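Visitor: From the sequence below, what's the structure:
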Amino acid sequence: MLLDAARDLFMNHGYHGTTIEMITERAGVSTGTFYLYFSAKSELYKSFQEEGIDILTRMIEEAIADRSLSTGERISAAARAYMDFYHIHKEYFDFIALMVLQGQDELREQESEIGRIVDEKTLGILRLIENIFVEGIRKGECREIDPFAAGMVFWAMIDGMILMQERDNLRVAGIELDRMILTGLATLFDGIMTKSSRETTERIGALE
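Guide: Numbering: from 1, shown residues only. Model (predicted):
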């Protein structure tokens, strides 16, 4: 009951616009009951972030599981998985990528157990992407690049484009999100793929 009440209130009023009293009143429990389960409002909020990260991780793992795919195809599949997460689990995307901006220092802390868990699981997603590039280098499909940095560039690109969508910038520019990501992937691949593997960029149409 607490989780259902908090999820709805956070989604409708944001982090700062939601109080513990609002959550307990909606859930029909006392404030004391809240503190039996959570030490602070931020801890409850981060539990939703953890749920979302777990869903996103599973979606990416399933998308990139086929090792017979080329590096470019697996990276494209990861991008598609993130897009699917954004469309299918929009509420969790908001918790992870958007609403955290409202929390500032209170949600950016890294000392609590849930804070460490969220950070570790976020890093785990980046390691999944890093490993695709590591394998791509081994197979000769990628240049000798820093695979973790390449994964960060990939993630920042996808995140940034979706945030542009959320801010309505892409609509104003007359560009669809999928087409923007396709262009971004092609540009990324042009910089990191070996010449022999660049034909992969012609098969990114799986995003469409």
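Visitor: list the contacts for residue 127?
Guide: With contacts defined as C-beta atoms under 8 Å, 6 or more residues apart in numbering, the neighbours of residue 127 are 148, 151. To be clear about C-beta, it is placed using only N, CA and C from the backbone, and glycine gets the same treatment.
Visitor: How is it assigned, secondary-structure-wise?
Guide: Judged by DSSP: H, G, I helix; E, B strand; the rest coil, the three-state class of residue 127 is helix.
Visitor: Look up how far residue 60 lies from it.
Guide: With distances defined as C-beta to C-beta, to the nearest Å, the gap from residue 127 to residue 60 amounts to 11 Å.
Visitor: Quickly list the domain ranges of the chain.
Guide: Structural domains annotated on the chain: 1-37, 40-207, as defined by automatic domain parsing.
Visitor: Quick one: mean pLDDT over the longest one.
Guide: Averaging pLDDT along domain 40-207 gives 86.
Visitor: Report the distance from that domain to the chain centre.
Guide: For domain 40-207, the distance between its averaged C-alpha position and the chain's averaged C-alpha position is 6 Å (C-alpha atoms, centre = their mean, to the nearest Å).
Visitor: can you give me the helices for this structure?
Guide: Counting by DSSP state H, residue ranges of the helices within the chain are 2-13, 20-27, 31-37, 41-63, 71-88, 90-93, 105-108, 113-138, 147-166, 169-173, 177-192.
Visitor: Packed most tightly, which of these would that be?
Guide: For the helices of the chain, average neighbour numbers computed from mean count of other C-beta atoms under 10 Å are highest in helix 71-88, which has a mean of 21.
Visitor: Remind me what that one packs against, helices and strands.
Guide: When contacts are defined as 3 or more C-beta pairs under 8 Å, 6 or more residues apart in numbering; DSSP states H and E, helix 71-88 packs onto helix 41-63, helix 90-93, helix 113-138, helix 147-166, helix 177-192.
Visitor: nearest to residue 21, of those helices?
Guide: helix 41-63 (10.2 Å; C-beta to C-beta).
Visitor: how near is residue 4 to residue 11?
Guide: Using C-beta to C-beta, one obtains 11 Å as the distance from residue 4 to residue 11.
Visitor: right, I mislabeled it, should have said residue 82
Guide: As it turns out, when the distance is counted by C-beta to C-beta, residue 82 lies 20 Å from residue 11.
Visitor: what's the distance between residue 192 and residue 143?
Guide: Summarising the geometry, the distance separating residue 192 from residue 143, computed by C-beta to C-beta, is 6 Å.
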